[in-house]
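>>> Task: produce atomic coordinates for the following.
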Amino acid sequence: MRYAKRPVVTALASVLLAAGLAHAKVSEEEAATLGTERHPFGAEKGANADGSIPEWTPKWLGLPPGLDYAGPGETRPNPYADEKPILVITAQNYKEHAENLSEGQQALFERYPEYRILVYPTRRDFDVNERIKERVKWNAVHTEVSNGVETLKNYNGGMAFPIPTGVPELMWNMRTANCYESYHVAYDGYGVFANGERAHDAVDFWQSNPFNNPANPVGTTEAVVGDYIVWTFSERLAPQSTKGQMTVVQDPMDFKNHKRNAWTYDPGTRRVRKAPAIGYDNPDGPGGMQTIDDHKGFNGAFDRFDYTMLGKKEIYVPYHDYEFNNKKNGTLDDRLTLNFLNPDYVRFEKRRVYVVEGNLAKGKRHAYSKRRWFIEEDSWLPVMAENFDSRGNLWRVGYFLSDYQYDSQCYERHTQVFMDLPSGGYVSNFITIDRMEPDHSIPYMNADQFTPANLRRSANR
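Model prediction:
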């Protein structure tokens, strides 16, 4: 697919961006369309021209009736388990469907003759968390972004910009697309190489989003909550060489004036150290076929790229991917086929997505010279990514398998994969088929649990 670059900011907004004073607030009247004329998170409520993307008509909030669910942390039942693909795209017919495929997807068909995309009906059946709806509507008339993309201001949780006016808002939406206050997951990661060998790691992971703390009334901003928007704590479970290593990360909402804080506990030396290398393009995951800032689509500071919107497209993207981690449906080995995840376990739907491109900024360094993100409009989740090497060649194609979480009552990121085209390998993490599903029902975890002091306490337990 060819993308024609176009700005998404008006001339006035361009001036504001240059001055570091871009404002994304909308009027009370426009915000009132959320949940009425628009999806509560800002998406187009109506169907597309041919009806292949239906109107948002919510019939379920949380667990649909009749499904057998053991609860948070357990396999979530698939409400669409009986559906069959309506289209199978292959290397032989993909050019007929190129209008709804990304450049990276077309490259996968060219690289791998056996690659397939199984397309299912597009479903827009779920309503979303009422508390987050209120926060999102408040954000619409209060939240701002400034210093280009670097600084989020007057934010109170949930998606920051349901009615975005420019690229900075889209980037922050991808960052703030969650509805939970805290969650816990244990997951495996695998690097699968072209010769069939695998590298493996496993992680116990906790995350907290302080602005979503239910104790904070709607409208509670950084003046009360503080300067940090995400806290994480992770402990290595495998391989043996890094088992017991623990890391905490604190991400600010103002990258212009604050940096990411990260500390690591090393069980070999029994010491806690500052970890400045946790960020940007440092290799990550088993096999090193992704960067740290590839994690969950994009994380960390924004300063190494200049961002442009390439358009809003209808593309076949991963969505409602319950089956990939379904413990009742096959094994891990069934999923980890050569070159790419087994297509039989990856559901694609036609969705409306914003396509944003980042080009390496002048004077900056990064392994990628160019990046693209595909941001789904109902959830604001990144669903695909494309990364280019220093010569401008397509290098890695990423998928983010998302699904509706019954406990948080929102769509959340789950398993991700980056396919490394030159080597024929890939890395996939947040695989839970042999571990536990994300549990968003845990009590809110406060700042004290995401500090170097807590690393020391945890090491001595």
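
>>> can you map out the helices along the chain?
Counting by DSSP state H, the chain has helices at residues 11-18, 28-31, 103-111, 130-142, 167-176, 222-225, 332-335, 452-459.

>>> Out of those, flag the one nearest residue 253.
Comparing these by their distance to residue 253 (Cβ to Cβ), the top pick is helix 222-225, with 6.2 Å. Placement of C-beta: from N, CA and C, glycine included.

>>> Average pLDDT for the closest one, rounded please.
Along helix 222-225, the predicted confidence averages to a pLDDT of 97.

>>> Let me see the residues that make contact with it.
Outside helix 222-225, the residues within contact range by Cβ atoms under 8 Å, 6 or more residues apart in numbering are 153, 154, 155, 210, 211, 213, 216, 253.

>>> could you dump these to CSV with neighbour count and distance to residue 444?
Written out in CSV, the entries for these read as follows (neighbours: other Cβ atoms under 10 Å; distance: Cβ to Cβ, whole Å):
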residue, neighbour count, distance to residue 444
153, 17, 24
154, 18, 22
155, 24, 18
210, 23, 8
211, 26, 11
213, 16, 5
216, 18, 10
253, 23, 18
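
>>> and those, which two are the farthest apart?
Comparing the members of the contacts of helix 222-225, the greatest separation, given Cβ to Cβ, is between 153 and 213, at 18.7 Å.

>>> residue ranges of the strands in the stretch 351-461 of the chain, please?
Using DSSP state E, counting those that start in this stretch, the strands assigned to the stretch 351-461 of the chain run over residues 370-376, 382-388, 394-405, 410-420, 425-439.

>>> Adding mean neighbour count and distance to residue 333, write these out as CSV.
Below are the strands of the stretch 351-461 of the chain laid out as CSV (neighbours: other Cβ atoms under 10 Å; distance: least, Cβ to Cβ, whole Å):
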stretch, mean neighbour count, distance to residue 333
strand 370-376, 24, 29
strand 382-388, 24, 25
strand 394-405, 24, 18
strand 410-420, 24, 15
strand 425-439, 22, 10
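
>>> Using TSV, please lay out those together with mean pLDDT.
Converted to TSV, those look like this (pLDDT from 0 to 100):
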stretch	mean pLDDT
strand 370-376	98
strand 382-388	98
strand 394-405	98
strand 410-420	97
strand 425-439	97
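
>>> want to try CSV for the helices of the chain, with distance to residue 190 and mean neighbour count as columns?
Below are the helices of the chain laid out as CSV (distance: least, Cβ to Cβ, whole Å; neighbours: other Cβ atoms under 10 Å):
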stretch, distance to residue 190, mean neighbour count
helix 11-18, 41, 14
helix 28-31, 44, 14
helix 103-111, 19, 19
helix 130-142, 33, 21
helix 167-176, 25, 25
helix 222-225, 37, 14
helix 332-335, 8, 14
helix 452-459, 26, 16
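
>>> show me where pLDDT drops low in the stretch 1-150 of the chain?
Applying pLDDT under 70 to the stretch 1-150 of the chain picks out residues 1-24.

>>> mind listing the strands for it?
If you assign secondary structure with DSSP E, counting those that start in this stretch, the strands in the stretch 1-150 of the chain sit at 87-90, 116-119, 144-146.

>>> got those strands as JSON lines, with distance to residue 395 and mean neighbour count columns?
Formatted as JSON lines, the entries for the strands of the stretch 1-150 of the chain read as follows, by distance: least, Cβ to Cβ, whole Å; neighbours: other Cβ under 10 Å:
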{"stretch": "strand 87-90", "distance to residue 395": "22", "mean neighbour count": "16"}
{"stretch": "strand 116-119", "distance to residue 395": "20", "mean neighbour count": "20"}
{"stretch": "strand 144-146", "distance to residue 395": "29", "mean neighbour count": "23"}
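
>>> Residue 166 is nearest to which of these?
Closest approach to residue 166 among the strands of the stretch 1-150 of the chain is made by strand 144-146 (8.1 Å; Cβ to Cβ).

>>> strands paired with that closest one, and their directions?
Sheet pairing here is set by DSSP bridges, and for strand 144-146 it gives strand 151-153 (antiparallel).

>>> Tell me how many other residues surround residue 269.
Using other Cβ atoms under 10 Å, residue 269 has 8 neighbouring residues.

>>> just the one 5 residues further on next, same as before
Applying other Cβ under 10 Å, we find 11 residues neighbouring residue 274.

>>> One more: residue 193?
18.

>>> Tell me the bridge partners for the nearest residue to it once chain neighbours are set aside.
Counting by Cβ to Cβ, 6 or more residues apart in numbering, residue 425 is the residue found nearest to residue 193 once chain neighbours are left out, at 4.4 Å. Here residue 425 shows beta-bridge partners residue 420, assigned using DSSP bridges.

>>> For residue 425, give me its contacts.
Neighbour list for residue 425: 191, 192, 193, 194, 287, 289, 339, 419 [criterion: Cβ under 8 Å, 6+ apart].

>>> Contact partners for the residue lying farthest from the centre of the chain?
Distance to the chain centre peaks in the chain at residue 269, reaching 34.0 Å (criterion: Cα atoms, centre = their mean). Contacts for residue 269 were tallied using Cβ under 8 Å, 6+ apart; there are none.

>>> List phi and psi for it.
phi -90, psi -10 (degrees, to the nearest 10).

>>> any idea how far it lies from residue 245?
In this structure, residue 269 and residue 245 are separated by 11 Å, where distance is defined by Cβ to Cβ, to the nearest Å.

>>> Next: residue 281.
Summarising the geometry, the distance separating residue 281 from residue 245, computed by Cβ to Cβ, is 21 Å.

>>> Ok, residue 386 next?
31 Å.

>>> per-residue pLDDT, the residue nearest to residue 319 when sequence neighbours are not counted?
Leaving aside its sequence neighbours, residue 319 sits nearest to residue 349 (Cβ to Cβ, 6+ apart; 4.4 Å). Looking at residue 349, its pLDDT reads 98.

>>> list the contacts for residue 349?
Shown here is residue 349, whose contacts under the criterion Cβ under 8 Å, 6+ apart are 119, 120, 121, 122, 123, 316, 317, 319, 320.

>>> please redo it, this time with the cut-off set to 10 Å
Contacts for residue 349 were tallied using Cβ atoms under 10 Å, 6 or more residues apart in numbering; they are 52-53, 80, 86, 119-124, 315-321, 376, 383.

>>> Give me the buried entries from those residues.
53, 119-120, 122, 124, 315-321, 376, 383 (16 or more other Cβ atoms under 10 Å).

>>> could I get those as JSON lines with distance to residue 134?
Rendered in JSON lines, the data for the buried ones among the contacts of residue 349 read as follows (distance: Cβ to Cβ, whole Å):
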{"residue": "53", "distance to residue 134": "27"}
{"residue": "119", "distance to residue 134": "35"}
{"residue": "120", "distance to residue 134": "32"}
{"residue": "122", "distance to residue 134": "27"}
{"residue": "124", "distance to residue 134": "21"}
{"residue": "315", "distance to residue 134": "31"}
{"residue": "316", "distance to residue 134": "33"}
{"residue": "317", "distance to residue 134": "28"}
{"residue": "318", "distance to residue 134": "29"}
{"residue": "319", "distance to residue 134": "26"}
{"residue": "320", "distance to residue 134": "26"}
{"residue": "321", "distance to residue 134": "29"}
{"residue": "376", "distance to residue 134": "22"}
{"residue": "383", "distance to residue 134": "26"}
